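Participant: using only what follows, build the 3D model:
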Amino acid sequence: MSRYVGSIDQGTTSTRFIIFDRKGEIISSDQKEHEQLYPKPGWVEHDPAEIWRNTEAVIAGALQRKGLAAGDLASVGITNQRETTMLWDRKTGKPAHNAVVWMDTRTDQLVARLSEDSGKDRLRAKTGLPLATYFSGLKLRWLLDHVPGAQKAAEAGDLLFGNMDSWVVWNLTGGTEGGLHLTDVTNASRTQLMDLETLDWDRDILNLFDIPRACLPEIRSSSEVYGKARGVLADVPVAGILGDQQAALFGQACLQPGEAKNTYGTGCFMLMNTGEKPYQSSHGLLTTLGYKLGKEKAVYALEGSIAIAGALVQWLRDNLGLVRTAPEIETLAGTVPDNGDVYFVPAFSGLYAPHWKESARGVIAGLTRFANKGHIARAALEATAFQTHEVIEAMTKDSGVEITELRTDGGMVVNELLMQFQADILNVPVVRPRVIETTALGAAYAAGLATGYWNSTRDISDNWGVDKRWHPAMAQAQRAKLLAAWTKAVDRSLDWAE
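Facilitator: Below is the predicted model:
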């Protein structure tokens, strides 16, 4: 029997391949960053060809590091940056345009036009989502409008649409030589084109956006054998697909209604399992698919999406040169005892949950001559915690459930200063699991369950364990003061862009 399961984690800034054993422990991994392209203010793109080259390279790299072969893997799962949208030629395999990244705001005029008559929530009942620049459907509409001949080619099925999961699985299973064009329910739910109840593309929304069904991938469950890989993973079953945040929910063993996790990555994403019924939010959250295992009923989730979290640290590094490496931000922030009354609202792509304000832009508020780069660094870290507090507050109002602890994962959870401040501002314990790569782990679990590597979700629960727990240690008066100042700073960021 094969000893391990592999996971392709195609993220916003890099692509990784991680190999896990039965206990959910990492055996080997490899990672490559890809270029971030900014053609205009508010526009963000990736080169899909570069991403696929990196995917092949990290698979080979992770196998070679431990002297493994494809046959050592029982199956492979895929998890991906959601909403990042692309079109490619079925016959040549070439992208028709760079991928339009999830945080890109170029569809703001489409959002405004479609919101005029019935408001931003006109599609929420079917899709669980407000009209926003975030989701894939309008990004696809933009590509069809701006790539010469794209509409006609898409109608003929010669151009294929997909989020990054579809691009990876198509190439992984053969590309132009019979590659599978499919997606799973979690990624399909982020297009704003799928009905949450039927789990199929909605004809009325396709007509509203003028999207040809012929270019859309087949929607499948999150855990089943879709086909077999070719190339470096030849004959390994491709058996799991989950959007990155749903993968983290699954990898964190949030398998019961009311259990929640927060992923601290490029953005920040909190999901709460709500069981087999989709609950509509009235406080700015998204209703989304949590996961669907084979023929079992779909599990839904409430989600609070924050556009900029770790990306703010990256911006301070790359655009301002405040630090040379991302981990240095914690050291710099630790040179001051508090934020010096400085607040950083990173609304680079507008504000997502719970505000949904495309016209917001980033602001640094409260600056005085006293402020130094340590205060800026600390304000940048605290911004992630403040935004998380806003989302949890909305989630509590929607669900009626008070969280008793927050399970965390993602690259930023190694930052102890941030984790302690998060516990302080939430006034509940914050928990870091033993394996923090829960996004990749969730996709591995989905693939392993489909191929019998793991027997049931009980194995997932048994594997989950605590690495560290932070307890709140802030006085209520100080917490209230900080939150009030943060709210004032957010107000300053609103309606900046015309």
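Participant: what average pLDDT does the longest helix along the chain get?
Facilitator: Determined from DSSP state H, the single longest helix within the chain is helix 373-399. Averaged over helix 373-399, pLDDT sits at 94.
Participant: off-centre distance for whichever helix or strand comes after it?
Facilitator: Once helix 373-399 ends, the next helix or strand along the chain (criterion: DSSP states H and E) is strand 406-409. The chain centre lies 15 Å from the centre of strand 406-409; the measure is C-alpha atoms, centre = their mean, to the nearest Å.
Participant: so which other helices or strands are in contact with strand 406-409?
Facilitator: Secondary-structure packing of strand 406-409 (3 or more C-beta pairs under 8 Å, 6 or more residues apart in numbering; DSSP states H and E): strand 260-264, helix 416-426, strand 430-433. Where you see a C-beta, it was placed from the backbone N, CA and C, and this is true even at glycine.
Participant: ok, residues contacting that strand?
Facilitator: Outside strand 406-409, the residues that touch it by C-beta atoms under 8 Å, 6 or more residues apart in numbering are 248, 251-252, 254, 259-264, 388, 392, 419, 422-423, 426, 428-433, 436-439.
Participant: just the buried ones from these, in ChimeraX syntax?
Facilitator: Burial among those is assessed by 16 or more other C-beta atoms under 10 Å; the matching ChimeraX selection reads:
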select :248,251,252,254,259,260,261,262,263,264,388,392,419,422,423,426,428,430,431,432,433,436,437,438,439
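Participant: can you pull out the strands in the stretch 51-200 of the chain?
Facilitator: For the stretch 51-200 of the chain, applying DSSP state E, counting those that start in this stretch gives strands covering 73-80, 86-89, 99-100, 159-162, 182-184, 194-195, 200-201.
Participant: so which of those is nearest residue 400?
Facilitator: Among these, the nearest to residue 400 by C-beta to C-beta is strand 194-195 (26.0 Å).
Participant: give me the sheet partners of the closest one and which way each runs.
Facilitator: strand 200-201 (antiparallel) (DSSP bridges).
Participant: got a list of contacts for the strand it pairs with?
Facilitator: By C-beta under 8 Å, 6+ apart, the list of residues contacting strand 200-201 reads 188, 193, 194, 195, 213, 216, 219.
Participant: do that again at 6 Å, thanks
Facilitator: Strand 200-201 has contacts (C-beta atoms under 6 Å, 6 or more residues apart in numbering) with 193, 194, 216.
Participant: and for the closest residue in space to the first one that isn't next to it in sequence, the neighbour number?
Facilitator: Looking back up the chat, that one is residue 193. Counting by C-beta to C-beta, 6 or more residues apart in numbering, residue 193 lies nearest to residue 137, which is 4.7 Å off, once chain neighbours are set aside. Each residue near residue 137 was counted by other C-beta atoms under 10 Å, and the total is 26.
Participant: kindly provide the distance from residue 137 to residue 10.
Facilitator: 20 Å (C-beta to C-beta, to the nearest Å).
Participant: next: residue 170.
Facilitator: From residue 170 to residue 10 the distance is 13 Å (C-beta to C-beta).
Participant: who has more neighbours, those two?
Facilitator: Neighbour totals were compared for residue 170 and residue 10, and residue 10 leads with 27 against 23 (other C-beta under 10 Å).
Participant: rewinding a little: and the angle for the longest helix of the chain with helix 416-426?
Facilitator: Relative orientation of helix 373-399 and helix 416-426, computed by axes from the mean of the first three to the mean of the last three C-alpha atoms, to 10 degrees: 40 degrees.
Participant: against which helices or strands is helix 373-399 packed?
Facilitator: Applying 3 or more C-beta pairs under 6 Å, 6 or more residues apart in numbering; DSSP states H and E, one finds that helix 373-399 contacts strand 268-275, strand 299-306, helix 328-333, strand 343-345, helix 416-426.
Participant: which of these sits most buried?
Facilitator: Highest mean neighbour count among these (mean count of other C-beta atoms under 10 Å): strand 299-306, with a mean of 27.
Participant: start to end distance for stretch 114-132?
Facilitator: End-to-end distance for stretch 114-132, by C-alpha to C-alpha, to the nearest Å: 10 Å.
Participant: can you give me the pLDDT of residue 351?
Facilitator: pLDDT at residue 351 comes out at 91.
Participant: and the closest residue in space to residue 124 that isn't next to it in sequence, how many neighbours?
Facilitator: Sequence neighbours aside, residue 130 is the residue nearest to residue 124 in space, at 6.0 Å (criterion: C-beta to C-beta, 6+ apart). Here the number of neighbours of residue 130 (other C-beta under 10 Å) works out to 22.
Participant: touching, residue 130 and residue 122? I think so.
Facilitator: No: in this structure, residue 130 is not within contact of residue 122 by C-beta atoms under 6 Å, at 8.8 Å.
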